[in-house]
Every structure is written in structure tokens, then in C-alpha cells.
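K.L.:
predicted coordinates and the sequence they were generated for:
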Amino acid sequence: MTTALLFIAPFALAQETKKVPHIGVLFPGSPATFAPRTKAFLQGLSELGYVEGKTITIEWRWGENKVKRLPELAAELVGLNVDVIVANGTPAIKAVGKATKSIPIVMAVVGDPVGIGLVTSLARPGGNVTGLSILAPELSTKRLGLLKEVVPKLSRVAAIVNPTNPVYRTEMQETHDAAKSLGLQIQPVLEVSDLATLQESFSVLNRDHARALLLFTDAIFYSMRGRILEYAAKIRMPAMYWQREFADAGGLMSYGPLTNDLFRHAATYVDKILRGAKPADLPVEQPTKFEFIVNLKTAK
């Protein structure tokens, strides 16, 4: 009997002390506004055999559309010594990147990681950051062209940008270049980083009698999409968005990658890192599928 116990005890001890992976997630919006993203991410983890609360623990942190909170929330996750941090949007990812150079960071979608210095290159990220990019600047030309087709007599397009997101500078340059080739002007350019400046910007658009709007790529705008669509509808503003959730919820049209698929795919980066892979050796991936959505009810 004693001999049998000596063989069983080490096995039981190993089972009890098996480490459950501990990851942190930092999103700039709220749980409600990011529900499609979190659902896709958790689905990706589930497909890989991870179940939140059982085989993996997740520390969720939400910026609630307040960019200034992101560094504090990033520091909290680093202080918990999690195994990997998943972040969405340039401001959130930059906040986590400043907080740690050792904990692996997975970009669950970012606009231009090379251009703003998050990684050395897409093929060889080089540091503790890797993940997925959505080609934000490059797609501006396509979006502007589609907007021109829908509003043929268009000569001037207003733009809403988030000045706290450094990607917007590159996206703006690409947009200006595209506008010249299409005979368009990008004017006015309105800076929005919270709900107060959002409402003020649409008041400006209404007074300015702008004919169309191009909403720049930004995770905060995704989180505020309900208000953006509400304000655009009030002034009957034709607008081009970068995500289908805008068009699905009443926006005129959208063109962009299947971002929820990218969030689901972000789970594979988490899995590889938990199994020992280094972020520096995991290439940053870009989308290969894009969709153009027109809300016919809104168009009428």
C-alpha cells in the first residue's frame, strides 16, 4: 500500500501545480461596444482548446474611450506579471509597449505597426511585439474612390481623425494623395478623441454643409460607432467607414478587412507564445480578405 502511494503522489502533485496560462487584454472601449471583438477572440481561444476560467485566466481592462487611461491600465497588467498581453488599437498597444519590454505583446489589429515603430519589420518584428495589421493607410485610396462613385458630383470630403493615434498622419497623407488624383479636397479635417469633441465636430459639419464624410481608422471610433452613426443620420451625411459594423448598424457603406476574423486569429499568436515561441520570430500578418458593404435602406 505504501509503495503504491509513492507512485501516485508525484502525479497528483503535478496535476495540482500545473500552471494555468494568465493573459491580459487591453481594449480602448467598453465591454458592450467591443462585444463582437471579444466574442471572436474567445472563439479563437476555444478552437485551440482554451476555456476562460478553466484552462486559461484573462485579466480584462477597458479604456472606456479615454485614451489617457490606457497607460495606467497597461501598467496594471504588467504589474500582474501576465504571460502575454493582447491589445487593440495603436494608443493601447503603444501604452503596453512603453510599460514592458519583456512580456510578449500581441497586436489584435493595428493600423501601421512599422510606420509608427511598433515593430522593425512585418517579417521580423524584432522585439516583444507581434500580431496583426489592417493596412489602414493603404486602404484610404480605395475608400475615397468608392465614396466618389456613390456621390459623383463630390468635390470636397470632410474627414474625422483621432490626433492621439499616430497612424492618422500616414493615413492622411495617403488620403490627400488619393484625393488629388480624384479631383477632391479633404476639408475640413476634424480632430476627435472623445464624445465631447465628436458632437462638436458634427455641429461643424452641419454648419459647413459638407457633402460627405470619411471616418479614419481608429479603435476609439469603433467603440463610439453608435454615436457617430446617430450624428451622421441627423445631418443626412453620406459617410464611408472602415468596418462592416458601421454599415450593419445604419451607416451608408464600409470597406475593409474582415476584422473579427483577425481577432479570432489573434488567439493563435497567444497559443504560439504560450507554447514557447518568441514574438520577435512571429511575422506580423496582414488581411487577405476585404468586403464592401452598402446599407441599401440608408442609401434610399
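P.N.:
The structure has been received and is ready for your questions. Numbering: from 1, shown residues only.

K.L.:
now stretch 152-165: buried residues?
P.N.:
Buried residues in stretch 152-165, counting neighbours by 16 or more other CB atoms under 10 Å, are found at 154, 157-162, 164-165. The C-beta positions use only the backbone N, C-alpha and C, and glycine is treated the same way.

K.L.:
now do the SS call for residue 23.
P.N.:
In three-state terms, and counting by DSSP: H, G, I helix; E, B strand; the rest coil, residue 23 is strand.

K.L.:
and if you look at residue 50?
P.N.:
Looking at residue 50 with three-state DSSP, the answer is coil.

K.L.:
i'd like the first residue to be 40 from this point on
P.N.:
All set: I'll call the first residue 40, so the last point we hit is now residue 89.

K.L.:
so who does it touch?
P.N.:
60, 95, 306, 310 (CB atoms under 8 Å, 6 or more residues apart in numbering).

K.L.:
ok, it to residue 316 distance?
P.N.:
Residue 89 sits 16 Å away from residue 316, going by CB to CB, to the nearest Å.

K.L.:
go on, residue 178?
P.N.:
The gap separating residue 178 from residue 316 is 29 Å, by CB to CB.

K.L.:
comparing those two, which residue is more hemmed in?
P.N.:
Just comparing residue 178 and residue 316: by other CB atoms under 10 Å the higher neighbour count belongs to residue 178, 20 against 14.

K.L.:
so what's the residue lying closest to the more buried one once chain neighbours are set aside bridging to?
P.N.:
Excluding the flanking residues, the one nearest residue 178 by CB to CB, 6 or more residues apart in numbering is residue 295, at 6.3 Å. Beta-bridge partners for residue 295, by DSSP bridges, are residue 330.

K.L.:
dihedrals phi and psi, residue 90?
P.N.:
Dihedral pair for residue 90: phi -120, psi 120, per degrees, to the nearest 10.

K.L.:
what is the burial count for the nearest residue to it once chain neighbours are set aside?
P.N.:
Excluding its sequence neighbours, the residue lying closest to residue 90 (CB to CB, 6+ apart) is residue 84, at 7.8 Å. Residues lying near residue 84 (other CB under 10 Å) number 22.

K.L.:
tell me which helix or strand residue 84 sits in.
P.N.:
Secondary-structure assignment from DSSP states H and E places residue 84 in helix 74-86.

K.L.:
report the mean per-residue pLDDT for that helix.
P.N.:
Average pLDDT, helix 74-86: 96.

K.L.:
other SSEs contacting it?
P.N.:
strand 61-66, helix 298-313 (3 or more CB pairs under 8 Å, 6 or more residues apart in numbering; DSSP states H and E).

K.L.:
same for the longest one, what does it pack against?
P.N.:
Packing partners of helix 298-313 (3+ CB pairs under 8 Å, 6+ apart): helix 74-86, strand 123-126, strand 144-149, strand 168-172.

K.L.:
buried sites along the first one?
P.N.:
The neighbour-count criterion (16+ other CB under 10 Å) identifies 75-77, 79-81, 83-84 as the buried residues of helix 74-86.

K.L.:
where does the stretch 190-339 of the chain dip in pLDDT?
P.N.:
Scanning the stretch 190-339 of the chain for pLDDT under 70 picks out nothing.

K.L.:
can I get the contacts of residue 89 in JSON lines with neighbour count and distance to residue 230?
P.N.:
Listed next are the contacts of residue 89 as JSON lines, based on neighbours: other CB atoms under 10 Å; distance: CB to CB, whole Å:
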{"residue": "60", "neighbour count": "18", "distance to residue 230": "40"}
{"residue": "95", "neighbour count": "20", "distance to residue 230": "39"}
{"residue": "306", "neighbour count": "23", "distance to residue 230": "34"}
{"residue": "310", "neighbour count": "19", "distance to residue 230": "39"}
